[in-house]
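Student: sequence-free structure coming up:
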């Protein structure tokens, strides 16, 4: 309590000195203004006074208000308390900002997880779509291939029918009592002869089913004039080592 009263007395004394100085400055300014009656002179005087006061304050070293240890301790505690309050406010601000940043980070992480899930779903949809497209493409190709095969089979049947009609009309088997039979012998054949159409079918099937071994063994059912006809026009070829075996020329 004594230290506080002492400090208050010193403050009142300093305040009285400041009031006296201020009063002297005001009176000096009024006298000068009365003498010169000029605003410019008044402003010039105020500038000089402020400059002189500023110079004095710059030259003056800080003075301790009181040398009483209790006063200094109280001022130190107050200053430290102000600093602590400022630091608490800064800490609260930083904590608030940290909390806001954590919330922002949590939202960003959630958004990132959602985007990853969406990306995963899109990738899965893309894979499923690709699979469906490939399946549709394969089905379409298979359908087109089946259509082509069907057309080829129909065309093959037409060709075979046309070939059969042509061969039946122009290369019929020799009739009994005909010239062909007279050339061979008067005896009846031991086996029934097959038509040229049937010979060609046997050669074609053999070539397509076993392209690595397309030769067919000639037996008594093959009429020799038909064999000579096929060999003469390059439709069939004999085996280079076994003349009793025959194959169709690989036109394809």
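Tutor: Thanks, I have it. As the structure is a prediction and not an experimental result, all values here were calculated from the model.
Student: for the stretch 151-252 of the chain, which spans come out with low pLDDT?
Tutor: Low-confidence segments of the stretch 151-252 of the chain (pLDDT under 70): 175-190, 252.
Student: Tell me which stretches of it form helices.
Tutor: 179-184, 196-209, 224-232 (DSSP state H, counting those that start in this stretch).
Student: Deepest in the core, which of the ones you listed is it.
Tutor: helix 196-209 (a mean of 17; mean count of other CB atoms under 10 Å). The way it works is simple: take the backbone N, C-alpha and C, and place the C-beta from them, glycine included.
Student: now the strand or helix carrying residue 26, how far from the chain's geometric center?
Tutor: Element membership for residue 26 (DSSP states H and E) is helix 2-36. Put simply, helix 2-36 sits 81 Å off its chain's centre (CA atoms, centre = their mean, to the nearest Å).
Student: thinking again about what came up before, I'd like the helices of the stretch 151-252 of the chain as TSV, with distance to residue 161 appended.
Tutor: Shown next, in TSV, are those (distance: least, CB to CB, whole Å):
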stretch	distance to residue 161
helix 179-184	26
helix 196-209	10
helix 224-232	20
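Student: Residue 251 is nearest to which of the ones you listed?
Tutor: Between residue 251 and the helices of the stretch 151-252 of the chain, the shortest gap by CB to CB is with helix 196-209, which sits at 9.5 Å.
Student: So what angle separates the directions of the closest one and helix 224-232?
Tutor: 50 degrees (axes from the mean of the first three to the mean of the last three CA atoms, to 10 degrees).
Student: any idea how far helix 196-209 is from the chain center?
Tutor: A distance of 58 Å separates the centroid of the chain from that of helix 196-209, by CA atoms, centre = their mean.
Student: Run through who's touching that helix.
Tutor: Residues from elsewhere that reach helix 196-209 (CB atoms under 8 Å, 6 or more residues apart in numbering): 160, 163-164, 167-168, 171, 214-216, 222-223, 226-227, 229-230, 235-236, 246-248, 250.
Student: List buried residues within those residues.
Tutor: Burial by neighbour count, 16 or more other CB atoms under 10 Å: within the contacts of helix 196-209 this picks out 164, 167, 171, 214-216, 222-223, 226-227, 230, 236, 246-248.
Student: on that earlier part again, same for the helix holding residue 26, what does it pack against?
Tutor: When contacts are defined as 3 or more CB pairs under 8 Å, 6 or more residues apart in numbering; DSSP states H and E, helix 2-36 sits against helix 39-59, helix 69-170.
Student: quick one: buried residues of the first one?
Tutor: Put plainly, it is helix 39-59. residue 45.
Student: by how many degrees do it and helix 2-36 diverge?
Tutor: Using the same axes, to 10 degrees: helix 39-59 against helix 2-36 is 150 degrees.
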